[in-house]
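[1] Please work out how this folds:
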Amino acid sequence: MASNHIEALVPESDSNPEMQNKAIVDKLYKALANGDTSTLVKLLASDLEWWFHGPPRCHHMMRMLTGETSHTEFRFEPRSIEVVGDCVIAEGWEGAQVYWVHVWTLKDGLITQFREYFNTWLTVRDVKPPGWEIKHDSHTVWQSQPRDLARRSLPGLVLAI
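    Below you'll find the model as predicted:
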């Protein structure tokens, strides 16, 4: 069933699993912006694992996905979307007050896990056991890049993948 989601949501030319995952997350943000709940339901696992770090008043994504608020109350417009293994990392900010990072984990074309970091610097590190192939020189594989917030002091977290 999950492969049908991929076929329906991702162009045939994007047969690379990493590009498929990125396209699925991009489709999710477009569905959020348009209030397209039928597409959202197809993209998210029914038992989605969710983790949030930030001020309680900033649970915008949870409120949108559960239908508690409208898609017009807060707009998630990613400034960048990058793939790191089976994770897709989206980052966005609006001026000096709002900064967020979303880490989506996909399995077989379905979003199974979501981590949300609000007003938090994030560093993603690869912590594979010795002997596993690591395709990069540094263990840091992604780091927050909020250009508008460079002088702002925010808590920092390290996400190990």
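[2] Which elements pack onto the top helix by length along the chain?
    Counting by DSSP state H, the longest helix found in the chain is helix 17-34. The helices and strands touching helix 17-34, judged by 3 or more C-beta pairs under 8 Å, 6 or more residues apart in numbering; DSSP states H and E, are helix 2-9, helix 37-43, strand 80-84, strand 87-94, strand 98-107, strand 110-118. The C-beta positions use only the backbone N, C-alpha and C, and glycine is treated the same way.
[3] Of these, which is nearest residue 51?
    strand 110-118 (4.6 Å; C-beta to C-beta).
[4] Can I get the helix or strand following the closest one in CSV, CA atoms only?
    The helix or strand immediately downstream of strand 110-118 is strand 121-125, counting by DSSP states H and E. Extracted C-alpha coordinates of strand 121-125, given in CSV (Å, rounded to 0.1, in the frame of the first residue of the first chain):
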residue,chain,number,x,y,z
TRP,A,121,19.4,25.4,17.3
LEU,A,122,19.8,21.9,16.1
THR,A,123,22.9,19.9,15.1
VAL,A,124,22.4,16.4,13.6
ARG,A,125,25.2,13.9,14.1
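[5] show me where pLDDT drops low in this protein?
    For the chain, the stretches with pLDDT under 70 are 1-14, 95-96, 125-144, 146-161.
[6] make it 80
    The chain contains residues with pLDDT under 80 at 1-15, 71, 94-97, 120-161.
[7] So for residue 104, what's the nearest residue that isn't a sequence neighbour?
    residue 88 (4.6 Å; C-beta to C-beta, 6 or more residues apart in numbering).
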